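# here is the input, now give the coordinates:
(one chain, ligands or ions: 1)
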Amino acid sequence: MKDKTSLRKEIAGLVAEYYQSAFQGPLQFQPGKNPVHYAGRVFDEKELINAVDASLDFWLTEGRFSQDFSEKIADFLGVDNVILTNSGSSANLLAFTALTSEKLGDKRLKPGDEVITVAAGFPSTISPIIQNNLIPVFVDVDIPTYNISVEALEKAITPKTRCIFIAHTLGNPFNLDEVTRLAEKHNLWLIEDNCDAFGSKYQGRYTGTFGHLATISFYPAHHITTGEGGAIVTNDEALANIVRSFRDWGRDCYCSSGENNTCGKRFSQKFSDLPVGYDHKYVYSEIGYNLKMTDIQAAIGSAQMDKLPSFCESRKQNFKTLTAMFAPYSRFFILPEATEHADPAWFSFIVTVKESSPFSREELVNQFTANLIETRCLFAGNIIKQPAYRHVTYRVSGSLANTDYIMNNTFFLGTYPGLTPAMFGHIDTVLKEFILKFE
Ligand SMILES: Cc1ncc(COP(=O)(O)O)c(C=O)c1O
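Below you'll find the model as predicted:
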């Protein structure tokens, strides 16, 4: 019988061969016949080999690949703690819920406290606020950065405000100078939803490293993927331990899976009304969940991390290509702009149809769709208009005029690294043909 090491080698070789045969076919892009996706996974044989390698370990839960993946993220961002989760939404839920922990004493978030966020965003940035019985306070965004208006943010702050929880919209960093200044001045927690911005920079520093906590998503549309997956990053050790506890059933014990008695006091402590020496592995100090990532996902993520810098470059390049394509028609469109001091690894190319334009967003989007070019809205539009929000308690501070305008007139195209020159050529042709009708 062959030994397991040589079998693994053989399997890896076959997987590489399989990749060539299954995914490297001579597919020629045919405009109008093949879709131009707005996003998608980009990978090679390394992701497949890692996934199979992790499957052969059959460890399944957090293991060596999780360690490796976490370390790569920590090195890339320059952060101390990375906690892997099963999605970006779970990361948001955990980051926010961690701030409600009694371990934080008076600093903890309590039901009824207010949290400033934007209505033009993704639902699961806001859901954790509601799920924890706090009050979201919605403020408007600026166009063409699509990020929180810092003037509106400042006006929304009251003695009840305890936290700011916002995303770097579509990869474009929000004004971190002002937002961190206001958070410090008013003693507020800051969570950066970095799900769409992994690799973006502000003042030369990666987003996700400014707030008390930040989250990342590894859903296939994002900068790197593990299929489903996410992470929380923080430089605060105490917060990291709380997040880990909420992620792992609420347990007090912080041993990694497969480990025992790391604290050396497994059977000698006293907690609340439990008997002395009750097994620390089964002591629960939070009302928790299980939102962990599997090692197979982490194995894919580890291979993706090696590609992140080139993926970010490609996103920036694709953004430039689309800018050049739309720039001649700036009388019809508001084109996206990076926030001052920002270097975005763009999640997408966001466009708003001007009020004065002779056509509507729907007409253009329909034209793209008919030609198999995918577009998307800025997520929920104005979230308070969504059916789920009919009975939610929230506060609106100031006007949401831009948010409403975005809901009605804005869409985005993809910038992901899987887009080819032929696909961009197709987008250009369809756009030109459409515009010709109005010139
Ligand atoms: C800004 C933002 N936050 C959070 C999420 C949620 O991430 P996931 O799909 O991994 O749950 C997304 C979605 O993709 C997002 O765009």
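# for the rest of this, base every contact and every neighbour count on C-alpha atoms.
Fine.
# next helix or strand past the helix or strand hosting residue 166?
Residue 166 belongs to strand 161-167 when assigned by DSSP states H and E. Sequence-wise, the next helix or strand downstream of strand 161-167 (DSSP H and E) is helix 176-185.
# coming back round to it: listing partners with orientation, what would you give for the strand holding residue 166?
strand 114-118 (parallel), strand 189-193 (parallel) (DSSP bridges).
# ok, whichever residue of the stretch 251-400 of the chain sits closest to the ligand - contacts?
Using Cα to the nearest ligand atom, the closest approach of the stretch 251-400 of the chain to the ligand is made by residue 379 at 7.6 Å. The contact partners of residue 379, by Cα atoms under 8 Å, 6 or more residues apart in numbering, come to 120-123.
# still on that earlier bit, reformat the strands paired with strand 161-167 as TSV; add mean neighbour count and distance to the ligand.
Output for these, formatted as TSV (neighbours: other Cα atoms under 10 Å; distance: least, Cα to the nearest ligand atom, whole Å):
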stretch	mean neighbour count	distance to the ligand
strand 114-118	27	11
strand 189-193	26	6
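# export those to a markdown table and tack on mean pLDDT?
Shown next, in a markdown table, are these (pLDDT from 0 to 100):
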| stretch | mean pLDDT |
| --- | --- |
| strand 114-118 | 98 |
| strand 189-193 | 99 |
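# turn those strands into CSV, including distance to residue 22.
Below are those laid out as CSV (distance: least, Cα to Cα, whole Å):
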stretch, distance to residue 22
strand 114-118, 43
strand 189-193, 35
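# with adjacent residues omitted, what lies nearest to residue 322?
Spatially, and ignoring its direct neighbours in sequence, residue 322 is nearest to residue 349 (7.1 Å; Cα to Cα, 6 or more residues apart in numbering).
# burial measure for residue 68, as a count.
16 (other Cα atoms under 10 Å).
# what sits against the residue most central in space within the chain?
Compute the mean C-alpha point of the chain, and by Cα atoms, centre = their mean the closest residue is residue 195, 1.1 Å away. Residue 195 makes contact with 88, 167-168, 215-218, 222, according to Cα under 8 Å, 6+ apart.
# and the gap between it and residue 169?
Separation of residue 195 from residue 169 (Cα to Cα, to the nearest Å): 9 Å.
# and residue 417, its phi and psi?
phi -70, psi -10 (degrees, to the nearest 10).
# the closest residue to it other than its chain neighbours is in what secondary structure piece?
Nearest non-adjacent residue to residue 417, counting by Cα to Cα, 6+ apart: residue 314, 5.4 Å away. Residue 314 belongs to helix 308-326 when assigned by DSSP H and E.
# repeat that for residue 197.
Element membership of residue 197 [criterion: DSSP H and E] is none; it lies in no helix or strand.
# what sits against the residue lying closest to it once chain neighbours are set aside?
Leaving aside its chain neighbours, residue 197 sits nearest to residue 171 (3.9 Å; criterion: Cα to Cα, 6+ apart). Residues in contact with residue 171 (Cα under 8 Å, 6+ apart) are 194, 196-198, 200, 344-348.
# possible to save those as TSV with pLDDT?
Shown next, in TSV, are these (pLDDT from 0 to 100):
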residue	pLDDT
194	98
196	98
197	98
198	98
200	99
344	98
345	98
346	98
347	98
348	98
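# of all the residues you listed, which two lie farthest apart?
194 and 348 (14.2 Å; Cα to Cα).
# and for residue 301, the neighbour number?
By the criterion of other Cα under 10 Å, residue 301 has 29 neighbours.
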